[in-house]
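K.L.:
Okay, sequence plus prediction incoming.
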Amino acid sequence: MGLFNLFDLAGSSLSAQSVRLNTVTSNLSNAQVASGSPESAYRAREPVFAAVMDEVNGEAGLPRLTVAGIVESKAPPRQQYAPDHPLADKDGYIYMPNVNVVEEMANMISTSRSYQSTVEVLNTSKQLLLNTLRLGQ
């Protein structure tokens, strides 16, 4: 494994974790947005990661992390009785997103830790590269 392959791998990880953090942020931002129908209620989103094998000179290289897509949760929205709410349906119900705030906070912490770990890998690799270059001095 070459040093530049390590930078490519870490870069793909940082990119994927950035997408994950953006979806967590979107979910948390919309966690309290009411809707008048279950069809229009916000649904929690989650990225789907995939490992893609690069080919280098006809040989399998290192896997690279990519975002295969972003999927919406199939869980139904939460139904709340609020007859005075302007978005209430004829039965007096509003529909809240199916976002679990505690789960999203745990995802945010996990994403942040993964991002920090990858940055630490990059910093360590950079220091090793600089120390290697100083050997010839």
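P.N.:
Structure's in. What do you need? All values reported here derive from a predicted model rather than from experimental measurement. Numbering: from 1, shown residues only.
K.L.:
Residue 19 belongs to a helix, doesn't it?
P.N.:
Yes - Residue 19: assigned to a helix according to DSSP: H, G, I helix; E, B strand; the rest coil.
K.L.:
Can you tell me the number of residues neighbouring it?
P.N.:
15 (other C-beta atoms under 10 Å). C-beta here means a position set from N, CA and C on the backbone, and glycine is covered the same way.
K.L.:
Next, work out how far apart it and residue 68 are.
P.N.:
Residue 19 is 11 Å from residue 68, where distance means C-beta to C-beta, to the nearest Å.
K.L.:
give the contact list for the residue nearest to residue 18 when sequence neighbours are not counted.
P.N.:
In this structure, residue 18 finds its nearest non-sequential neighbour in residue 115, 7.5 Å apart by C-beta to C-beta, 6 or more residues apart in numbering. Residue 115 is in contact with 14, 17, 18, 21, counting by C-beta atoms under 8 Å, 6 or more residues apart in numbering.
K.L.:
a markdown table please, covering those and showing pLDDT, neighbour count and distance to residue 133.
P.N.:
Output for the contacts of residue 115, formatted as a markdown table (pLDDT from 0 to 100; neighbours: other C-beta atoms under 10 Å; distance: C-beta to C-beta, whole Å):
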| residue | pLDDT | neighbour count | distance to residue 133 |
| --- | --- | --- | --- |
| 14 | 93 | 16 | 24 |
| 17 | 94 | 24 | 29 |
| 18 | 95 | 12 | 30 |
| 21 | 96 | 17 | 34 |
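K.L.:
Residue 132: which of the residues you listed is nearest?
P.N.:
residue 14 (23.2 Å; C-beta to C-beta).
K.L.:
Can you tell me what sits against stretch 29-45?
P.N.:
23, 26-27, 70-73, 75-77, 79-80, 82, 85, 87-89, 94-101, 104.
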